[in-house]
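**Student:** Fold the following, please.
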Amino acid sequence: MFKKILLAADGSEHSKRSAEHAINLAEKFNGTIEAVYVVDAKSSKEDVLHNVDKYKVKEERQQKIQPVLDLLDNSKVEYNVQMLHGEPGPAIVEYANQHDFDCVVVGSRGLNKLQTMVLGSVSHKLAKHVYCPVLIVK
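**Tutor:** All right, here's what the predicted structure looks like:
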């Protein structure tokens with residue numbers, strides 16, 4: 001049923017909890033996980049301006065989601081990690097819809113309250129626009 005799972009990760013506490021649920025689903029259904037981390041334009045520009053070495057930038061981005069990667073490493077689940085670029089909500093929606101996932105797992109929070117009110121949360125955008133079931137973890 002849930003063989004191909006997309007995990008939206010940003011390294012936050014909600015992201016770690018969502019990773020635990022994605023791992024449980026994958027173990028239960030003998031599935032795989034594709035973890036995605038989105039680098040928005042502002043972060044990308046700041047990374048380039050403040051760091052000359054592109055390998056250091058890549059390493060710093062990976063460190064942000066390291067807690068999620070640690071959980072995946074300690075599981076028996078096969079997984080893959082993709083770095084996407086753009087606005088998180090639309091980038092994840094597009095990726096999910098283009099790659100035929102059985103389920104998307106995402107944490108319920110990530111933005112601060114003002115950003116959520118003005119922009120809408122990533123989890124809300126996924127729930128509205130992704131074609132497959134979306135599990136939002138609190």
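**Student:** For the rest of this, base every contact and every neighbour count on C-alpha atoms.
**Tutor:** Fine.
**Student:** Show me the longest helix that occurs in the chain.
**Tutor:** If you go by DSSP state H, the chain has its longest helix at helix 13-29.
**Student:** Mind checking the pLDDT average for that helix?
**Tutor:** In this model, helix 13-29 carries a mean pLDDT of 95.
**Student:** For that helix, could you pull out the residues that count as buried?
**Tutor:** 13-23, 25-27 (16 or more other CA atoms under 10 Å).
**Student:** Figure out how far that helix is from the centre of its chain.
**Tutor:** How far helix 13-29 lies from its chain's middle: 12 Å, per CA atoms, centre = their mean, to the nearest Å.
**Student:** For that helix, name the packing helices and strands.
**Tutor:** strand 4-8, strand 32-39, helix 66-73, strand 103-107, strand 134-137 (3 or more CA pairs under 8 Å, 6 or more residues apart in numbering; DSSP states H and E).
**Student:** nearest to Gly89, of those?
**Tutor:** strand 32-39 (8.9 Å; CA to CA).
**Student:** Alright, that wraps it up for me.
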